[in-house]
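1. Predicted model follows, preceded by the sequence.
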Amino acid sequence: MSFKSCALGLCLCLLVSAASPSAAVAGSKDKRIKIVSMMKAMKIMDTVDAMMPQMSEAFAQVFRQQGIEVSAQMVKDINTVTSKVMRGNLRPYLTKVVDIYDHAYSEQEIDDLVAFYKSPPDKKH
């Protein structure tokens, strides 16, 4: 089994365990659209992208603990594969996050959060 296959397998295991089908939630479609708007304002994808190097290094560390020598190029390859897998499988995860916000906050609270995340960083609330 090649190094890339092992890395891809690890990534897939991680994603399958994290991405469960979303439960039906009673929130309105408008409220859920506002939650997605809030998540965009929060720059969720920027956060995911920022996590990739740390995740790649963690995967590389697993290989090192197994006595497998991991080069800088291999870590870069793990990062590439991890990024592709994560970006390709985020929909179930993000849907679940919307479900959580939908359950936890009223529509007014979501409106307030959207306003907060869309405001300039130096604005007092």
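-> Thanks, I have the structure now.
2. CA atoms for contacts and neighbours, from now on please.
-> Noted.
3. pLDDT score for A7?
-> With respect to pLDDT, A7 scores 45.
4. and the residue nearest the centre of the chain, what element?
-> Nearest to the geometric centre of the chain sits V48, at 4.8 Å (CA atoms, centre = their mean). Using DSSP states H and E, V48 maps to helix 44-65.
5. got a list of contacts for that helix?
-> Here helix 44-65 makes contact (CA atoms under 8 Å, 6 or more residues apart in numbering) with A7, L10, E69, V70, V75, K76, I78, N79, T82, S83.
6. where does the residue of the chain positioned farthest from its centre fall, helix, sheet strand or coil?
-> Most distant from the centre of the chain: G67, at 29.5 Å, with distances by CA atoms, centre = their mean. With DSSP: H, G, I helix; E, B strand; the rest coil as the basis, G67 sits in coil.
7. Next up, phi/psi of it, please.
-> As for G67, its main-chain torsions (degrees, to the nearest 10) stand at phi 80, psi 10.
8. Likewise for the one 4 residues further on?
-> Backbone dihedrals for S71, given as degrees, to the nearest 10, come out at phi -80, psi 170.
9. The chain should start at 31 in everything you say after this.
-> Will do, 31 is the new start, and the previous item becomes S101.
10. Neighbours of it, how many?
-> Residues contacting S101 under the criterion other CA atoms under 10 Å number 10.
11. Look up how far R94 lies from it.
-> Distance, S101 to R94, by CA to CA, to the nearest Å: 10 Å.
12. same question, V128
-> 37 Å.
13. who's more crowded, the two?
-> Taking other CA under 10 Å, V128 and R94 do not tie; V128 has more neighbours (23 against 12).
14. how about the more buried one, secondary structure?
-> With three-state DSSP as the criterion, V128 reads helix.
15. Need the per-residue pLDDT for it.
-> So V128 comes in at 94 (pLDDT).
16. which ones are touching the residue lying closest to it once chain neighbours are set aside?
-> Among residues not flanking V128 along the chain, I65 sits closest, at 6.3 Å (CA to CA, 6 or more residues apart in numbering). I65 sits next to V128, Y131, D132, I140, V144 when contact means CA under 8 Å, 6+ apart.
17. For burial, what's the neighbour tally of Y123?
-> Y123, neighbours per other CA under 10 Å, totals 17.
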